[in-house]
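*Asks:* Starting from these lines, generate the structure:
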Amino acid sequence: MELAAAIPRFPNNGASLRALQQKPLGELLIDFFNWRIRYVGARPRAVVIDPLASASADRGAKQGIIVPFLEKVRRGDDLTPHLSLQPHTRGFSPNSGVRGAPVEQRGADKDFMLNTMGYHHLHPSVTIEPGGFATRTDEILLAHVTRDAFTVIGLFGHSVFETHPDGSLSPERARSWKAFDEHSTRGAPSGSVVVQGLIATSGHSLQVVFMAQRYARQIIGTDALIDTADFQRDFFEQAGFQPPSKPKFEWLKHHLDLGVLEQKSNAACIFSKGLN
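*Replies:* Reported below is the predicted structural model:
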């Protein structure tokens, strides 16, 4: 299956590929989106500076670091060079799905910060190394990214990922959780309940699980109709193309978006849009 082959696996062998190929469509889509959501779709976005980041004591000193990077965000440049390198090779591990596996094993193919906080972490240097990735410095930019907006939560030191052997958080990690709590509860009425970072027992974000379930239903429903005259008439009307004789359809995936492509006319329609 093309979808299974697209996900980088570790170990990268026939057994890990078969583990994906043998999954039902819904479960395979969960693994695909769990991997793919770690990237950011290339499209222009409004830049929003969270009030907590605006109030940071060192914001002025840090402006020179992030301003050129934020211009790339506004233009819609590909931000892949600024993201973690891990998703390039560590998209799926068959060991992470073992029932009762330790937490660290279940998280081997997941971005803990993204799944729990909804924040991408990026390296804001605009110097690109020969390997195609941005120069790694100590500054990590945390951002909440949607299709339309890039909200800067703040700049943090690289120790934002560290937990001490006794289980306590590094100061930067504690600061990131404080920022998350303030950002996610801002505007909530006093005494209200705020549910944060919903995670399935598998370690996947529930947003990913729900999106995978929705896409699976869409794929199954569309497959049942794709050869009918009504579907093809509506498809070409929506795409604005003249239908060819004997059209040939295939599924189209673009980052987190799902659609259908007709190969002869190159007509395409996006049916479902992803989270970023």
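*Asks:* Local confidence estimate at Glu2?
*Replies:* Reported pLDDT at Glu2 in the predicted model: 84.
*Asks:* per the record, what domains does this structure have?
*Replies:* In terms of domains, the chain is parsed into 2-195, 225-272 (source: automatic domain parsing).
*Asks:* now the ones you listed as CSV including mean neighbour count and distance to Met211?
*Replies:* For the C-beta atoms, the positions are set from N, CA and C on the backbone; glycine is no exception. Shown next, in CSV, are these (neighbours: other Cβ atoms under 10 Å; distance: least, Cβ to Cβ, whole Å):
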stretch, mean neighbour count, distance to Met211
domain 2-195, 16, 6
domain 225-272, 14, 8
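*Asks:* how about those, which one is nearest Arg217?
*Replies:* Comparing those against Arg217 with Cβ to Cβ, the closest turns out to be domain 2-195 (8.6 Å).
*Asks:* partners of the longest strand along the chain, with directions?
*Replies:* When secondary structure is assigned using DSSP state E, the longest strand within the chain turns out to be strand 149-156. Based on DSSP bridges, the strands next to strand 149-156 in the sheet, each with its direction, are strand 46-49 (parallel), strand 140-145 (antiparallel).
*Asks:* Outside of that strand itself, list whatever touches it.
*Replies:* Residues external to strand 149-156 that are found in contact with it (Cβ atoms under 8 Å, 6 or more residues apart in numbering): 45-50, 52-53, 56, 58, 62, 65-66, 70, 73, 119, 124, 139-145, 172, 175-176, 179-180, 183.
*Asks:* could you say what helices and strands the helix or strand that it is followed by packs with?
*Replies:* Using DSSP states H and E, the next helix or strand after strand 149-156 towards the C-terminus is helix 171-185. When contacts are defined as 3 or more Cβ pairs under 8 Å, 6 or more residues apart in numbering; DSSP states H and E, helix 171-185 packs onto helix 51-54, helix 112-117, strand 140-145, strand 149-156.
*Asks:* Those into JSON lines, with extra columns for distance to Pro244 and mean pLDDT?
*Replies:* As requested, these are exported to JSON lines (distance: least, Cβ to Cβ, whole Å; pLDDT from 0 to 100):
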{"stretch": "helix 51-54", "distance to Pro244": "52", "mean pLDDT": "80"}
{"stretch": "helix 112-117", "distance to Pro244": "42", "mean pLDDT": "92"}
{"stretch": "strand 140-145", "distance to Pro244": "38", "mean pLDDT": "96"}
{"stretch": "strand 149-156", "distance to Pro244": "39", "mean pLDDT": "94"}
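*Asks:* would you list the ones you listed in JSON lines and tack on distance to Phe10?
*Replies:* Conversion of the helices and strands packed on helix 171-185 to JSON lines gives the following (distance: least, Cβ to Cβ, whole Å):
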{"stretch": "helix 51-54", "distance to Phe10": "34"}
{"stretch": "helix 112-117", "distance to Phe10": "17"}
{"stretch": "strand 140-145", "distance to Phe10": "23"}
{"stretch": "strand 149-156", "distance to Phe10": "27"}
